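# Give me a 3D structure for the following:
(2 chains)
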Amino acid sequence: GENVEQHPSTLSVQEGDSAVIKCTYSDSASNYFPWYKQELGKRPQLIIDIRSNVGEKKDQRIAVTLNKTAKHFSLHITETQPEDSAVYFCAASKSGGSYIPTFGRGTSLIVHP
Amino acid sequence: GAGVSQTPSNKVTEKGKYVELRCDPISGHTALYWYRQSLGQGPEFLIYFQGTGAADDSGLPNDRFFAVRPEGSVSTLKIQRTERGDSAVYLCASSFEGHTGELFFGEGSRLTVL
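All right, here's what the predicted structure looks like:
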């Protein structure tokens, strides 16, 4: 089955700095890669996703890149703000049949004012 | 309601007891997932429903765990003879058709087995 590794487990930055979270996956058939944000005590919520037919996607201060050859993808947050503080999870899945995302272990992002 | 609803939000039980956790998905979502999240970990897949049937139950850890979705909407996760290691947050999520799309999660049911 799919295995998703996520690094770092904790990331501490100053407000205004950039943050990068990296994930690798094992199943070359995976073609959909979402990122979820989970604030303390809250539900995970999708913030951005990328499909395997593109290499990069941006949404305001958030971007995701995908390298299919190396089987890794990354989340980039620019101009971080204190409200970006949360746990971020990457996931990988493949279309067709049962679509079941496999999640990474999460990265706790702390943005200091 | 507009979102995925899970009850109870918190459940404390004694080792060996039986527990039921309920999930009410977003109306019209045919795909329903159960995940388990331990402290400091990512969501771990348990079971996936497409309509009324369990399309994939490969994540259930053992035969003490069982889930149903008899009418293709509400689902119940059932845990028999609970063990302390079952303590976790049980997350339910739903999506439209279950084909590479956003999962909408509930707030979770926090289970504590004493």
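# Next, the residue in chain A that chain B sits nearest to: phi, psi?
Closest contact between chain A and chain B, by C-beta to the nearest C-beta, is at A:F103 (3.7 Å). For the C-beta atoms, the positions are set from N, CA and C on the backbone; glycine is no exception. Backbone torsions of A:F103, given as degrees, to the nearest 10, read phi -100, psi 150.
# Show the pLDDT at the nearest residue to it once chain neighbours are set aside.
Leaving out its chain neighbours, the residue that sits closest to A:F103 by C-beta to C-beta, 6 or more residues apart in numbering or on different chains is B:G42, at 3.7 Å. Per-residue confidence (pLDDT) for B:G42: 93.
# repeat for B:T100
For B:T100, pLDDT reads 61.
# which stretches of the chain form strands?
Since no chain was named, I'll use chain A. A:4-7, A:10-14, A:19-25, A:32-38, A:45-51, A:56-59, A:62-67, A:72-77, A:86-92, A:102-103, A:107-112 (DSSP state E).
# Wait, chain B was what I had in mind.
Using DSSP E, strands in chain B cover B:5-7, B:10-13, B:19-24, B:31-37, B:44-50, B:53-56, B:65-68, B:75-79, B:88-95, B:104-105, B:109-113.
# Can you flag the weakest of these by average pLDDT?
strand B:53-56 (a mean of 86).
# What pairs with it, parallel or antiparallel?
strand B:44-50 (antiparallel) (DSSP bridges).
# Measure how the partner strand sits relative to strand B:19-24, angle-wise.
50 degrees (axes from the mean of the first three to the mean of the last three C-alpha atoms, to 10 degrees).
# what's the angle from strand B:44-50 to strand B:75-79?
Using the same axes, to 10 degrees: strand B:44-50 against strand B:75-79 is 140 degrees.
# hmm, who's touching strand B:44-50?
Applying C-beta atoms under 8 Å, 6 or more residues apart in numbering or on different chains, the external contacts of strand B:44-50 come out as A:98, A:100-103, B:30-38, B:54-61, B:65, B:67, B:69, B:72, B:75, B:77, B:90, B:98.
# what's the angle from that strand to strand B:88-95?
On the basis of the same axes, to 10 degrees, strand B:44-50 is oriented at 30 degrees to strand B:88-95.
# List the residues that contact the closest residue to chain A within chain B.
Residue nearest to chain A within chain B (C-beta to the nearest C-beta): B:G42, separated by 3.7 Å. When contacts are counted by C-beta under 8 Å, 6+ apart, B:G42 is found next to A:4, A:6, A:89, A:103-106.
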